[in-house]
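> my questions are about this predicted structure, shown below with the sequence.
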Amino acid sequence: MSSVAKQQTSQSSCQEEHTPRFDVERIRRDFPILHHPVRGKRLVYLDNAATSQKPQVVIDAIRTYYERDNANIHRGVHFLSERATEEYERARSTIQHFVNAADSKEVIFTRGTTESINLVAQTYGRKHVGAGDEVLVTAMEHHSNIVPWQLLCEEKNAKLRVAPIDDRGELLVGEFEKLLGPSTKLVALPHVSNALGTVNPVAELIEMAHGWNAPVLVDGAQAAPHIQIDVQALDCDFYAFSGHKVYGPTGIGILYGKAAVLDAMPPYQGGGDMISSVTFEKTTYNKLPYKFEAGTPNVCGAIGLGAALDYVNRLGVAKIAAYEEEVLTYAMGAVSALPDVTVIGTAPHKAGVVSFVMDGIHPHDIGTILDQEGIAVRTGHHCAQPVMQRFNVPATVRASFAVYNTREEVDALAAGIRKVREVFA
């Protein structure tokens with residue numbers, strides 16, 4: 001384990017020792033959907049890596065916007081526009097503090113992690129990557145952090161390099177470092193693997209990349225719900241996450257970028273609000289962050305995301321992390337102990353995910369039987385086909401956890417897996 005991972009693990013253990021246990025039943029009452037039965041059974045929702053459920057405060061914030069404040073923002077001088085603008089920008093400020101950005105202008109609203117990565121590829125990437133250059137990713141990437149770089153490399157006649165992972169699903173840091181060099185123009189990597197749950201030592205990796213003057217984009221889609229994010233401490237150049245994975249609405253996310261880097265990038269899209277002045281001869285662009293927010297934005301989505309992060313902050317990110325570590329550790333033990341089950345991804349530093357396969361049974365069949373028991377898991381390649389190829393499996397069953405999940409739900413999952421074996425016996 002790297003020194004950074006050891007330090008993070010030690011800090012997490014310390015937090016768990018000194019943090020009071022959550023009143024999970026109280027927290028579960030905040031999520032209306034958890035109290036609706038599925039197929040006549042109590043819902044056990046273990047598909048949080050795909051999307052998390054929404055607390056009532058987020059639902060209320062969206063409803064309040066449409067009932068009381070609905071208007072376009074930034075352009076209007078009337079009361080509703082002013083109030084909607086204030087709420088939208090308050091959400092940006094909430095996100096700034098959530099990731100510890102130096103300034104709110106470093107927070108760009110996007111549709112989610114995927115669009116954030118594409119924004120960087122099509123603006124920074126097109127400007128700085130040329131023939132013979134290299135973009136470095138890892139073997140544990142989500143497709144959203146592979147395909148945009150493939151498109152860029154094909155267009156620019158550049159090369160996509162891939163840092164390997166070991167049999168536990170950990171990045172081989174030494175091999176990653178060997179792949180860095182003067183041709184590396186950008187590094188893109190996940191904070192947490194969506195398919196394996198592996199937590200990468202991103203601070204260490206960023207420092208290595210910066211040694212070659214290569215900027216780093218961190219895909220934080222799976223980290224935001226589970227880990228304290230500090231973009232200044234990490235010193236990353238870009239950080240992206242999606243609202244719907246951290247108890248917010250779908251269709252909204254953010255791209256953090258260092259102000260100096262964003263200032264030097266061309267716009268991603270053209271349209272209203274991203275301009276300062278327009279003539280047929282020349283257009284000048286708006287200041288940050290609006291240069292990258294063309295057209296009418298997802299105002300209610302931003303407000304909903306702000307409400308979600310306010311909720312997370314009230315619970316406490318450190319307390320969430322400590323509680324979820326308990327549940328994950330219990331789940332890893334419970335699933336690993338079942339006969340004919342193999343866990344895929346056994347790195348010592350993980351967050352939120354247990355992926356597994358069963359001998360002789362396809363993951364889709366497992367998911368179907370679990371669904372009959374009211375247990376929602378994800379089956380398939382999880383938009384991470386290279387990970388499946390690395391472990392020589394067509395797919396896995398992925399159980400992923402959130403702050404409202406319990407040990408009792410892990411027990412229900414284990415009982416469901418035993419039922420799967422009975423059915424196929």
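Thanks, I have it. None of the values given here were measured: they were computed from a predicted structure.
> give me the residues contacting stretch 406-414.
With Cβ atoms under 8 Å, 6 or more residues apart in numbering as the test, stretch 406-414 has contacts from 24, 28, 44, 46, 327, 330-331, 334-335, 338, 370, 373, 375, 377, 399. The C-beta positions use only the backbone N, C-alpha and C, and glycine is treated the same way.
> next one: it to chain centre, how far?
Centroid separation for stretch 406-414 versus its chain: 24 Å, with Cα atoms, centre = their mean, to the nearest Å.
> what about residue 153, neighbour count?
19 (other Cβ atoms under 10 Å).
> name the nearest residue to it, ignoring sequence neighbours.
residue 160 (4.9 Å; Cβ to Cβ, 6 or more residues apart in numbering).
> repeat that for residue 364.
Closest residue to residue 364 in three dimensions, ignoring its sequence neighbours and counting by Cβ to Cβ, 6+ apart: residue 379, at 5.1 Å.
> the stretch 201-350 of the chain: strands as residue ranges?
Shown for the stretch 201-350 of the chain, the strands assigned by DSSP state E, counting those that start in this stretch span residues 216-219, 238-242, 253-257, 275-278, 283-285, 341-344.
> what pairs with the shortest one, parallel or antiparallel?
Using DSSP bridges, the strands paired with strand 283-285 are strand 275-278 (antiparallel).
> so what touches the strand it pairs with?
Here strand 275-278 has contacts from 283, 284, 285, 286, 287, using Cβ under 8 Å, 6+ apart.
> how far out from the middle of the chain is it?
The answer for strand 275-278 is 34 Å, by Cα atoms, centre = their mean.
> counting neighbours, which bits of that strand end up buried?
Using 16 or more other Cβ atoms under 10 Å as the test for burial, strand 275-278 gives residue 275.
> could you list the domains of this protein?
Following automatic domain parsing, the chain resolves into domains at 3-46+317-424, 58-313.
> neighbours around residue 187, how many?
Neighbour tally, residue 187, other Cβ under 10 Å: 28.
> what's the answer for residue 97, then?
Counted by other Cβ under 10 Å, the residues lying close to residue 97 total 12.
> surely it is within a helix?
Yes. Counting by DSSP: H, G, I helix; E, B strand; the rest coil, residue 97 is found in a helix.
> quick check: pLDDT value at it.
Here, the pLDDT recorded for residue 97 equals 98.
> how near is it to residue 336?
In this view, residue 97 and residue 336 are 38 Å apart by Cβ to Cβ, to the nearest Å.
> same check on residue 45?
Residue 45 sits 22 Å away from residue 336, going by Cβ to Cβ.
> so what's the residue nearest to residue 364 bridging to?
Judged by DSSP bridges, the bridge partners of residue 379 are residue 397.
> that one and residue 393 touch, don't they?
No. Using Cβ atoms under 8 Å as the test, residue 379 is too far from residue 393 to be in contact (11.5 Å).
> higher neighbour count, the two?
Neighbours were tallied for residue 379 and for residue 393 using other Cβ under 10 Å; the higher tally belongs to residue 379 (20 against 16).
> for the more buried one, give me its contacts.
By Cβ under 8 Å, 6+ apart, the neighbours of residue 379 are 363, 364, 366, 367, 395, 396, 397, 398.
> how about residue 184?
133, 134, 135, 136, 161, 209, 212, 214.
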